[in-house]
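> pasted the sequence and its predicted model underneath.
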Amino acid sequence: MTIIIDNETYSMDQVCKLLKIENFNLRYIEKTVGLNIKRNNDREKMYSKNDIETFKFIFKLNDEGLDYKATKKVLNINRIKINQENNFYL
């Protein structure tokens, strides 16, 4: 998974068009794998490029046969590795 440092954000509709997925599917995946998407002052979800890359990674794992519960575990392991590499601890 690539980490991108960028302040550009995207709305749910933009992300859905980019990923070719319906809004309800995007929300289901977020909830199932435990993604914490930031919100703007109007409480609308705003997706970063890192969030979009995370969804692409989730789709890749799903294509390889992992269900969303297993994907959640993989994402949690990757978060720990990333945090350890940056000297952060959970």
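Okay, I see it.
> might you list the low-confidence residue ranges for this structure?
Low-confidence segments of the chain (pLDDT under 70): 1-6, 79-90.
> show me where it has helices.
12-19, 23-33, 49-63, 68-85 (DSSP state H).
> residue 47 and residue 37 touch, don't they?
Yes - contact criterion CB atoms under 8 Å: residue 47 and residue 37 qualify, at 6.1 Å. Just so you know, the C-beta spots here come from the backbone N, C-alpha and C atoms, and that holds for glycine as well.
> which one of these two has more residues nearby?
In this view residue 47 and residue 37 are compared by other CB atoms under 10 Å, and residue 47 has more residues nearby, 24 against 17.
> distance of that one relative to residue 66?
The gap separating residue 47 from residue 66 is 22 Å, by CB to CB, to the nearest Å.
> likewise residue 78?
In terms of CB to CB, residue 78 sits 13 Å off from residue 66.
> and residue 23, by the same measure?
Distance, residue 23 to residue 66, by CB to CB: 23 Å.
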